[in-house]
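A.B. asks: From the sequence below, what's the structure:
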Amino acid sequence: MENLYKSLFSDPQMPAEQFKREVFGLTDPEGPVLIFVDHQYQSWANHPSRVAFLHDNPEILNTLCRQIDDGVDPCVYPVKSGCAVGTQLAGEQGHCGYFLVFLPGYTSQTTQSNMDMAELLLAEAQLIFHLIEKNNQLHHLQLNHMSRSSQRFGADSTKACV
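C.D. replies: Residues are numbered from 1 along each chain as shown. Below is the predicted model of the structure:
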């Protein structure tokens with residue numbers, strides 16, 4: 001039974017999916033666009049129609065993520081319709097993807113002048129990711145404990161019946 005629980009909670013995509021579900025509802029349709037990028041540079045946005053630049057020029061996403069990998073974290077990347085700010089999402093299992101915030105209408109200067117706020121937002125995203133990961137670990141431990149307890153209970157009740 002423990003192997004079943006381990007396989008359920010060891011899927012590296014699970015925290016990423018949970019992260020997207022939790023975070024993507026946090027902004028208004030006219031506000032910042034939140035973007036999650038996986039290892040293969042596949043991206044998901046909470047308002048996909050507002051990030052046409054990702055689909056028009058996929059190299060932008062690759063460049064931005066490579067800059068983050070090279071140590072520019074947080075990374076500020078201007079595009080024609082705004083500015084993107086990004087960071088790496090990492091957990092206990094290692095690198096889990098990237099979190100980007102697209103700020104429509106911002107220039108790199110406007111973004112730099114508000115960098116404290118952008119860094120706070122990226123740190124909160126990292127915290128949410130860590131909490132999801134810790135929550136999954138807790139569920140895994142609870143299920144393992146319940147499994148062991150039920151096995152002992154089953155063994156004790158068999159002895160009592162003999």
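A.B. asks: Model confidence score at the closest residue to Glu119 other than its chain neighbours, please.
C.D. replies: Excluding the flanking residues, the one nearest Glu119 by CB to CB, 6 or more residues apart in numbering is Pro74, at 5.9 Å. All C-beta atoms are positioned from the backbone trio N, CA, C, and that covers glycine. Predicted confidence (pLDDT) at Pro74: the value is 93.
A.B. asks: who's in contact with Pro74?
C.D. replies: Residues near Pro74 by CB atoms under 8 Å, 6 or more residues apart in numbering: Ile68, Val85, Gly86, Thr87, Met115, Ala118, Glu119, Leu122.
A.B. asks: change it to 6 Å
C.D. replies: Pro74 is in contact with Val85, Thr87, Glu119, Leu122, counting by CB atoms under 6 Å, 6 or more residues apart in numbering.
A.B. asks: got any ranges where the protein has weak pLDDT?
C.D. replies: Applying pLDDT under 70 to the chain flags residues 1-13, 139-140, 144-145, 148, 150-162.
A.B. asks: Can you tell me how far Ala125 is from Phe36?
C.D. replies: Distance from Ala125 to Phe36, counting by CB to CB, to the nearest Å: 9 Å.
A.B. asks: thinking again about what came up before, in JSON lines: the contacts of Pro74, plus secondary structure and neighbour count.
C.D. replies: Shown next, in JSON lines, are these (DSSP: H, G, I helix; E, B strand; the rest coil; neighbours: other CB atoms under 10 Å):
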{"residue": "Val85", "secondary structure": "strand", "neighbour count": "26"}
{"residue": "Thr87", "secondary structure": "strand", "neighbour count": "21"}
{"residue": "Glu119", "secondary structure": "helix", "neighbour count": "13"}
{"residue": "Leu122", "secondary structure": "helix", "neighbour count": "21"}
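A.B. asks: out of these, who's nearest Leu131?
C.D. replies: Leu122 (15.1 Å; CB to CB).
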